[in-house]
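K.L.:
Starting from these lines, generate the structure:
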Amino acid sequence: MKKQYNISPRSFWIILLLLIAVMPNPSSAQDDTDAVRSLSDSAKTSRVNVHFQATYIYQYQPAFHAAYTGINSLQSAMDKENSITSTLFLGVRLWKGAEIYINPEIAGGSGLSGAYGLAASTNGETFRVGDPAPTLYLARGMFVQTIQLGPDGDSYIPEGANELGGSKPNNYLRLSIGKMSLADIFDKNAYANDPRAQFMNWCLMYNGAWDYAANLRGYTDAIAAVLQQGSFTYSAALAAMPMVANGEALNTNPSEEYSINAEIDKAYTLGLFNRKGNIRLLGYFNDGDMGNYAQALQHRDSTGLPDVISTRKYGRTKTGIGLNIDQEIGDHAGLFFRAGWNDGKNETWCFTEADEVISAGLSVKGAAWNRKDDNIGAAFDINGLSQDHRDYLAAGGLGFQLGDGALSYANESALELYYGYKPLSSGIWLTGDYQFVLNPGYNSARGPVNVFSFRLHVEL
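P.N.:
Down below sits the predicted model:
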């Protein structure tokens, strides 16, 4: 039985009230101040900044039909879970172009069924953590050096979380080293990239076929470089893999395990409509102590079931690619599209059990109905497995996330709809969210599944 943990509602509301109490009280002229920034303001350069976020998510899943249920299945009985994350963002400027960012973070709670049973898991703020009690850890701790390239001038970058405001070169080389999330650099998307403010589903917030190097909390030790040249951005990173699948400890010995990621990003403007967009091509190569699905079918345990763990061997690899597009379609609306593929021969190691994905959606800002800080989104996702991966699950094998004991294979599909509402001028957002999942765990003998969610997000 998976251990479940529910955060005390009383504790949560006490924390929230304390946060609201320390929020600044904006004046009635704040909107005008934000809308027009004076030249003197734009010349300011932050030396130190401090920001904070807290996100609470409650999810309710009604009971659904399942012909059978396995160890790693999404449980068919009614389930309700909640989660909370709290992050402190600290930034310090050392010298020109040199910055340090440190992010202590607390996370607690659980996804539905402990975040098992779905590739398209429904809460991007939870992961497969053995003990979901609130835990303090270092999310990010990195040094960043930005080097100006050429005389093409600077632009003002406003201050934000992990962003020291000030003048930044238009063309640059940025080097980062330390603990970070690869999702801060790669696979970024204007409309589907943040489960705290946008879509919550794992396969909508990122490319589900990208088995990005990370520990069970989503972070890794890495060296990364970003080259900005005109409308092109080139990114590359060498990152540590977890020592075991979905593990907490990272293996920092690159002779044993490592991940290489590279991406090209082209910013463009559609001439006919004068609408901005980005197209990105991502490639990755993971090398680690992985098991092989085909070999596992030949290595049965004492019960006669295949066991991918027994076939783990250093030097096993996973290769994948991803396409990512975001496109403005109006003053207050945009579309996104992602497609991804990985070879699916060796076991999923870090993110989610999806080998082929397509996702697309629409996001509309509330300015269209005089609610400039509100947002509405609708998107869908379709996932598939390689032949070796599906054969392994059909024979009763377990991945680190999936395993119904059998498999009537079908593509897993998810639909998500949300509305984000900002009731005050302070940094509070309330979101109502609905998700519909067809063929959970790629199994037509189970589901469909309905999930209703409420999200409260606070920023300071």
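K.L.:
Could you list the buried residues of stretch 146-156?
P.N.:
Of the residues in stretch 146-156, 146, 148 count as buried by neighbour count, 16 or more other CB atoms under 10 Å. Quick note: C-beta positions are derived from backbone N, CA and C, even for glycine.
K.L.:
and it, how far apart are its ends?
P.N.:
15 Å (CA to CA, to the nearest Å).
K.L.:
now stretch 250-257
P.N.:
Distance between the boundary residues of stretch 250-257 (CA to CA) amounts to 9 Å.
K.L.:
Next, the buried residues of it.
P.N.:
250-251, 257.
K.L.:
Narrow these to those in strands?
P.N.:
Those of the buried residues of stretch 250-257 mapping onto strands are 250-251, per DSSP state E.
K.L.:
wait, which of the buried residues of stretch 250-257 is closest to I223?
P.N.:
Comparing those against I223 with CB to CB picks out L250 as the nearest, at 13.4 Å.
K.L.:
so what's the closest one bridging to?
P.N.:
Beta bridges link L250 to P242 when assigned by DSSP bridges.
K.L.:
if I read this right, it contacts R217, doesn't it?
P.N.:
No. Using CB atoms under 8 Å, L250 makes no contact with R217, being 10.7 Å away.
K.L.:
quick revisit: between the buried residues of stretch 250-257, which is closest to V48?
P.N.:
The closest of the buried residues of stretch 250-257, once distances to V48 are taken by CB to CB, is L250, at 28.9 Å.
K.L.:
what's the distance between that closest one and S76?
P.N.:
35 Å (CB to CB, to the nearest Å).
K.L.:
since we're on the nearest residue to A249 once chain neighbours are set aside, how many residues are nearby?
P.N.:
With CB to CB, 6 or more residues apart in numbering as the criterion, A249 has its nearest non-adjacent residue at 4.9 Å, and that residue is M243. Neighbour count of M243, defined by other CB atoms under 10 Å: 17.
K.L.:
do the same with S302
P.N.:
S302 has 6 neighbouring residues, counting by other CB under 10 Å.
K.L.:
ditto for M200
P.N.:
Neighbours of M200 under the rule other CB under 10 Å: 26.
K.L.:
Helices of the stretch 351-460 of the chain, start to end?
P.N.:
With DSSP state H, counting those that start in this stretch, the ranges of helices along the stretch 351-460 of the chain come out as 387-394.
K.L.:
The chain now?
P.N.:
9-21, 30-35, 39-42, 202-205, 293-296, 387-394 (DSSP state H).
K.L.:
Tell me how far the fifth one lies from the chain's centre.
P.N.:
Put simply, helix 293-296 sits 29 Å off its chain's centre (CA atoms, centre = their mean, to the nearest Å).
K.L.:
ok, now which ones touch the nearest residue to S76 once chain neighbours are set aside?
P.N.:
Among residues not flanking S76 along the chain, A66 sits closest, at 3.9 Å (CB to CB, 6+ apart). The contact partners of A66, taken as CB atoms under 8 Å, 6 or more residues apart in numbering, are 73, 76, 445-447.
K.L.:
Now rank the residues you listed by neighbours and give me the top one.
P.N.:
Neighbour count (other CB under 10 Å) singles out R446 as the most crowded of the contacts of A66, with 27 neighbours.
K.L.:
I'd like to know how far the residue nearest to that one when sequence neighbours are not counted sits from G153.
P.N.:
Ranked by CB to CB, 6+ apart and with sequence neighbours excluded, the top spatial neighbour of R446 is A66, at 4.3 Å. Between A66 and G153 the distance is 60 Å, computed by CB to CB.
K.L.:
now R93
P.N.:
Distance, R93 to G153, using CB to CB: 20 Å.
K.L.:
per-residue confidence averaged over stretch 227-240?
P.N.:
Stretch 227-240 carries an average pLDDT of 96.
K.L.:
so how far is it from its chain's centroid?
P.N.:
The chain centroid and the centroid of stretch 227-240 are separated by 19 Å, computed with CA atoms, centre = their mean.
K.L.:
ok, residues contacting it?
P.N.:
149, 170-174, 182, 185-186, 213, 220-226, 250-252, 254, 257-268.
K.L.:
how does it look with 7 Å?
P.N.:
Applying CB atoms under 7 Å, 6 or more residues apart in numbering, the external contacts of stretch 227-240 come out as 171-173, 182, 185-186, 213, 220-226, 250-252, 258-268.
K.L.:
And for stretch 324-336?
P.N.:
Applying CB under 7 Å, 6+ apart, the contact partners of stretch 324-336 are 187, 189-192, 207, 275-280, 282, 337-338, 360-365, 367-368.
K.L.:
Any chance of a PyMOL selection covering the buried ones in those?
P.N.:
A single PyMOL command selects the buried members of those (16+ other CB under 10 Å):
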select buried, resi 187+189+190+191+192+207+275+277+278+280+282+337+338+360+361+363+364+365
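K.L.:
Okay, and which of the contacts of stretch 324-336 map to strands?
P.N.:
275-280, 282, 337-338, 360-365.
K.L.:
M205 is in contact with Y191, isn't it?
P.N.:
No. Using CB atoms under 7 Å, M205 makes no contact with Y191, being 10.7 Å away.
K.L.:
The nearest residue to F351 once chain neighbours are set aside: neighbour count?
P.N.:
Closest residue to F351 apart from its sequence neighbours, by CB to CB, 6+ apart: D211 at 5.1 Å. Neighbours of D211 under the rule other CB under 10 Å: 28.
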